[in-house]
Structure formats: structure tokens, C-alpha cells
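> heads up, no residue letters with this:
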């Protein structure tokens, strides 16, 4: 097998938690607010089933082909040629997706913290750092993710507690003013985050306790839903109807904290959380891309591809969008339910699952006829 | 300025070759081909982006294709 390291199911769940929440915690509130208004905290509940579905399908496919990732079993299911084509489509989508993530990271750091640093330095440093982690293998990423969790929760809790003096309950009232529909419409934007759970099809074969894979995946989905709900509630309680004016409301809310006039400027805490999470997120997707490319080319080792793939996604990330206006157009399309993550996270695995299921039924039928 | 960028990108690619090439075992031809191809693709793409800074990106191409697919699927119903 191409990857010799093993991770536990819990480590995979934690990795996926970071991979989803890292960008979500900052950008979700204002993206969802456009449609859901003061009900943004209900939207994650409607989007959660999609995450559960992605995990379920990835796990079912994993049950059919226990030692293979999606690139390998797509060849088993569809035949060599079609399988390779599907694998290539999947890889190209992953390449673009990870380049957009790195672009987001670079743009955010440049606009909020380091306005005078050239973007290629920030992106290049991040890609290089992730390249070291990916070169270390899956175990390294799993342990890094585990290491970040306590810090993440502690800082998140501190931020929420410090924001409590500024909240006002009436800002989220009336709950469900126009019925359920606004929050359901808002949840469409969240599908892009929850569909990314499908990426676990790259990690399931490398678990030590495989039977727990689905359980920890689902648990991860639920914790993500809860975290998003808490974030959205606190953002709406602090900002109310001005939420949509901020690019990253949690960041701005934290900037607003000022206790006894000396405990202020805590946005560095959010940045710490966010950098650690984004690092894990980029590592997870970068690893998936490298492993997928190596398996697509039938290589025996993926480590030699780490640097060239990193270079390529770095270049794509530099060029992903020329300015924030183009990015805003992209994210507007995403919030209308047009997204690449949904294609590679849910639709392609679902398609593969149906084909595999039908083929299995036919094989059973043929066997039954022969026995008769 | 473009010349500086091109030279530095080439230096990065050269560094990648110098660092990684000896680490790939000499018997593994396929790995070497894959490494060289990916590196050269990256180098060519970055040079294109330096010379034509307004060139389109994969993210925009994917968006465009998905819009077209969505329109086709919506037209069916």
C-alpha cells in the first residue's frame, strides 16, 4: 500500500473537523446572513444531513472496497478508462478547490494583518509548511490535528465568554419571522462546507479501527454543526442586522471586545485559532491531492510528488482570483448552490455507489441463475 | 520586473529538482517521469501567469463549466 502510516478513527474525525470549521467559522455568518437574516443559527441544522450523507456514502464505498481509495475503486467500478477519466475530473476539482482555499488564506492574512507583505510570500510560506507536514505522512497530520484541538476549544470558549457582556437577546428575535424558508435557503450556502466531508474517502483505508470510521465521521459532522450554531448565535447576538457588512464577523466581533479598557485587541486570538485550523485544512486537502495524484499514476510512493504538487497549487492559488470582486462573484455563485465541493464530495461518490450497487446486484443474479 | 520573477521562479524549480531528484531511487523511472512532468507543468503555468497576469485560473474555469452544466440540466426540465 502506498501509505504505511495509520491513524485512529478519532484522529480522522478531528482532522475533518478542522478541515471544515477552519474557514467556516469566519466566513459562514455573513454568507448565510444574506438569505437567512436573524435565523442564521438554524441553517447549520438543515445543512447537517448533507454532511451525514457524504460520510455515509464514503463509508459504504469503503465497505465494498476496504483497502482502496476512491481513485482506485473508481477503476474497479467503471473499468480502467472511465475510472481514470473520473479520477482525473476528481483530481482537477480538488486542485482548484485547494487553490481557492489557499487564496482565501492569503487574501485574509494580507487584508487583516500583514498589509505590506507580498502575497506570494504568505502563500509560499504556508505551502512550504504544509509540504513538510504532508511529506511526514498521514500520521503526522493526524497528530497535528489532535494537538490543535484543545487550544482551539480553549480560545473559542474564551472569545465567547468575553463577548457575553455585549450580547443582546432581542437581536435574534423574532425567531423564524418568515417561517422556515429563509433559514433553509441560507443552508444552501453551507452545503459547500458540509459536502467537503466526502473527502474522508481518502482516509478511511488507513484507519486502525475501521469499524468506527463512520461513527467518528458522523460525530465530527455533529460537532461541526454545533460549533457553527454557537458561532452564528454569538455573531447574531452581538451584531444583529449589521452582520452582513463584515467580511468575517467573528473577527470583527472579537475586535470589539474591550473589558476594563485593558483587555482589548483580542483578534490575535481568532487569528491564532484560524491559522492553526487553516493549516490543518490545507494539509488535509493537500495530502488528498498528492495521494490521489500518486494513485492515479500508479506510483509506489507519493513523497516525491509533494513539492511539485505544492508548487502547482501555490501557482494556482496566486492566480485563483485577481481581486476581491472576482472572489465575491465566485462566492455568490457558491451561495446559490453551484459548487465544486458538492460535485467531488457527494455527487461523484454517490454515482460510484449506485453503479457499484447495480453491478453487485447483477453479479448476485448471475450467480443465482448459474446455481439453478 | 517580470524578468526577476521568471528568474526567481526558475531558481525555485531548480532547487526543487536539486533537492528531490537524488532522493528518488534510480530504479523508479515512473516516479522520476511523474516528478519531472508535474514540475515542468508548474513551471510553464507560472511563467504563463507572469507574462499574462490577467490569464484565467482553474477556479474560474470550473465555475464557468459548472454554470454551463447547470443551465443544460435546468433546460432539460
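Nice, I can see it. The model shown is predicted, which means the values in this text are computed figures rather than measured ones. Residues are numbered from 1 along each chain as shown, chains lettered A, B, ... in the order given.
> what's the nearest residue to residue A:208 if we skip its chain neighbours?
residue A:6 (4.7 Å; C-beta to C-beta, 6 or more residues apart in numbering or on different chains). In this view, the C-beta of every residue, glycine as well, is placed from N, C-alpha and C.
> and what of residue A:112?
residue A:251 is the one closest to residue A:112 (C-beta to C-beta, 6+ apart), at 6.7 Å.
> sorry, back to before: how about the residue nearest to residue A:208, what does it touch?
A:138-139, A:206-208 (C-beta atoms under 8 Å, 6 or more residues apart in numbering or on different chains).
> By neighbours, which of those residues wins?
residue A:138 (24 neighbours; other C-beta atoms under 10 Å in any protein chain shown).
> Phi and psi next, for that one.
phi -70, psi -40 (degrees, to the nearest 10).
> so what pLDDT did the residue in the stretch 1-150 of chain A that chain B sits nearest to get?
Nearest residue of the stretch 1-150 of chain A to chain B: residue A:96, at 4.2 Å (C-beta to the nearest C-beta). In this model, residue A:96 is scored at 89, pLDDT.
> right, and it touches residue B:56 too?
No - the criterion here is C-beta atoms under 8 Å, and residue A:96 misses it with residue B:56 at 11.6 Å.
> between these two, which one's more packed in?
Of the pair residue A:96 and residue B:56, residue A:96 is the one with more neighbours under other C-beta under 10 Å, namely 23 against 11.
> who touches the residue of the stretch 1-150 of chain A closest to chain B in this structure?
A:316, A:320, A:340, B:58-59, B:61-62.
> Would you mind putting the residues you listed into CSV with secondary structure and pLDDT alongside?
Output for these, formatted as CSV (DSSP: H, G, I helix; E, B strand; the rest coil; pLDDT from 0 to 100):
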residue, secondary structure, pLDDT
A:316, helix, 89
A:320, coil, 81
A:340, helix, 78
B:58, helix, 82
B:59, helix, 82
B:61, helix, 85
B:62, helix, 84
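> Toward the C-terminus, what is the element adjacent to the helix or strand harbouring residue A:58?
Residue A:58 belongs to helix A:43-64 when elements are defined using DSSP states H and E. Sequence order places helix A:70-78 as the next helix or strand after helix A:43-64, per DSSP H and E.
> Next secondary structure after that following helix?
Following helix A:70-78 toward the C-terminus (DSSP H and E): helix A:80-112.
> Point out where the stretch 251-372 of chain A drops to low pLDDT.
By pLDDT under 70, the weakly predicted segments of the stretch 251-372 of chain A are A:337-338, A:370-372.
> show me the contacts for residue A:104.
A:23, A:27, A:327 are the contacts of residue A:104 under C-beta under 8 Å, 6+ apart.
> Out of the residues you listed, which sit inside helices?
Counting by DSSP state H, the contacts of residue A:104 place A:23, A:27, A:327 in helices.
> Write the PyMOL selection for whichever of the residues you listed are buried.
To isolate the buried ones among these in PyMOL, judged by 16 or more other C-beta atoms under 10 Å in any protein chain shown, type:
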select buried, chain A and resi 23+27+327
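> how close does the residue of the stretch 1-150 of chain A closest to chain B get to residue A:259?
Distance of residue A:96 to residue A:259, computed by C-beta to C-beta, to the nearest Å: 43 Å.
> quick one, longest helix in chain B?
Assigned via DSSP H, chain B shows its longest helix as helix B:29-51.
> what packs against it?
With contacts taken as 3 or more C-beta pairs under 8 Å, 6 or more residues apart in numbering or on different chains; DSSP states H and E, helix B:29-51 sits against helix A:267-296, helix A:306-319, helix B:2-20.
> Could I get the ones you listed in TSV, plus columns for distance to residue A:220 and mean neighbour count?
Putting these into TSV (distance: least, C-beta to C-beta, whole Å; neighbours: other C-beta atoms under 10 Å in any protein chain shown) gives the following:
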stretch	distance to residue A:220	mean neighbour count
helix A:267-296	12	23
helix A:306-319	24	25
helix B:2-20	34	13
